[in-house]
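Peer 1: 3D model of this:
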Amino acid sequence: MKNIKIAHDPKTNLYMASAQDFRGYSTSKILVDGKEVQNPMNSPYIIFKELPEIVTYQSTGKRPYGYINTIGQKITDHEYTSLQNRVTQNAYYDDDAEEWTFKSVEDEVAHVRFKREWSRHYTEETTEELIQIEVIHHPVSDTPEITPMYLESGTIFDTMCIYNCNSAALFVKRCEERGLTKGKHENEKGFTYWLNHQDNYRFAKLGGNYCTSDIESAQFKSHRKGSYEELKNVHSENINRIDTIIDRFIAKRNKESLSDETLGGVITTMYGIKSRLSGIQANAKTRSSYNALCNFLQDEITKLEKISIKK
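Peer 2: Below is the predicted model:
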C-alpha cells in the first residue's frame, strides 16, 4: 500500500500536502474522495479544508486479451493456439534458425496468411489502489522561546522545534510574574529586583543584593533543537533555576528579619522544600501533578510573605 503525508496546521485548521505527491500522469492520477486533485496555480502545496477520507491511486493501462483478425473477429488465447497448431501441423520450428520450416509451399503460405490475419488484442483496464494517509501534526507553541521549525524551514512535515532563551530576559519576566517590584533597593512595596538591560544580567539585584554570580552559576540552557515536549521541559527547568535563585534571596531576607521559630523560619523551610522539589525531574505522566504541587507551594509562600511584610 502506498503512503502519503498530510500536515495539519492547528492555527489555521488546514491540511497541507506536497503537490508532487498528488501529481497525475497520462496513465495515472490521485483521487481524493473520488475526485482528481486540481492545482491550477502550480503551487508546491495542496491545501485541504478537511482531512481527506479516502485517497486512491488510479492507473489505466492496456492488458493483452486474446487476438483479433482483420475483419474484427475476436478469439481467446486458447482458440488462437488451436488455430496456430493446425496451421503448423505440417511444419517444425528450427531453434537454431529461430524460424518455421514447412513441408510444402502451400503450408508456408497458409502460415504467412494466418500471421497477417491475426494480431494481439489489448483491452484498456483501470485499477485503483487505496493510499495510506499519514497525518503530521504541527506543534503549537504557547511559549515565545519555542518556535516550531516548519515556520522557518518551510518544510511542512517538520515537527521539531527550536529553543532560544535569553536568561536575563527570562529573569525579568519571571520576577514580574511573581509580583516583584523593580527597584535597586528594598522598599515598602515589597521584595524588589533590578536589571539594567534585559540582554545581560550584569549588576542584577534581588532585594537590594547582587545576584549576578548566582545567575551565572545556574547553567541556563539557551539554544537547542528538539521536540516540543523536550524543549518545554528545558524551559521549565530554566524557570525552576530562576525561581530557586529568587526563593533563596527571599528566604535569606525573611531569615534575617525573623527568627527561625517564627514566620520567617516557616517561609525559609517552605522555600527549602520548593528548592528541593525543583530538582526533581517529572515525567510526562506526573508533570501535571508536579506543576500543581509547585504552584500550591508558591501560593502558600506568597500568602506568608504578605503576612511577614505587614509585620
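
Peer 1: if I read this right, F171 contacts R241, doesn't it?
Peer 2: No: taking contacts as Cβ atoms under 8 Å, F171 lies outside contact range of R241: 9.6 Å. Bear in mind the C-beta positions are built from the backbone N, C-alpha and C, glycine included.

Peer 1: Can you tell me, leaving aside adjacent residues, what's nearest to K2?
Peer 2: Leaving aside its sequence neighbours, K2 sits nearest to I131 (Cβ to Cβ, 6 or more residues apart in numbering; 4.7 Å).

Peer 1: ok, now which ones touch the one you found?
Peer 2: M1, K2, N3, I4, I30, V55, T56, Y57 (Cβ atoms under 8 Å, 6 or more residues apart in numbering).

Peer 1: The fourth one: neighbouring residues, count only.
Peer 2: Residues near I4, counting by other Cβ atoms under 10 Å, number 17.

Peer 1: R174 and N166: what is the separation?
Peer 2: Computed as Cβ to Cβ, to the nearest Å, the R174 to N166 distance reads 12 Å.

Peer 1: Could you check the pLDDT of the nearest residue to F203 once chain neighbours are set aside?
Peer 2: Leaving aside its chain neighbours, F203 sits nearest to N196 (5.8 Å; criterion: Cβ to Cβ, 6+ apart). In this model, N196 is scored at 74, pLDDT.

Peer 1: State whether E134 and I6 are indeed in contact, as I suppose.
Peer 2: Yes: between E134 and I6 there is a contact under Cβ under 8 Å: 7.2 Å.

Peer 1: Those two: who's more crowded?
Peer 2: More crowded of E134 and I6, by other Cβ under 10 Å: I6, with 20 against 11.

Peer 1: Same drill for R174 and N166, tell me which one is more crowded.
Peer 2: R174 (19 against 16).

Peer 1: Now the phi/psi pair for that one, please.
Peer 2: The phi and psi values for R174, taken as degrees, to the nearest 10, are phi -70, psi -40.

Peer 1: Is it correct that it is in contact with D243?
Peer 2: Yes: in this structure, R174 is within contact of D243 by Cβ under 8 Å, at 6.8 Å.

Peer 1: Look at the residue nearest to K2 and tell me its secondary structure.
Peer 2: strand (DSSP: H, G, I helix; E, B strand; the rest coil).

Peer 1: if I look at it, how far off is Q20?
Peer 2: I131 is 14 Å from Q20, by Cβ to Cβ.

Peer 1: Repeat that for V266.
Peer 2: From V266 over to Q20 (counting by Cβ to Cβ), the distance is 66 Å.
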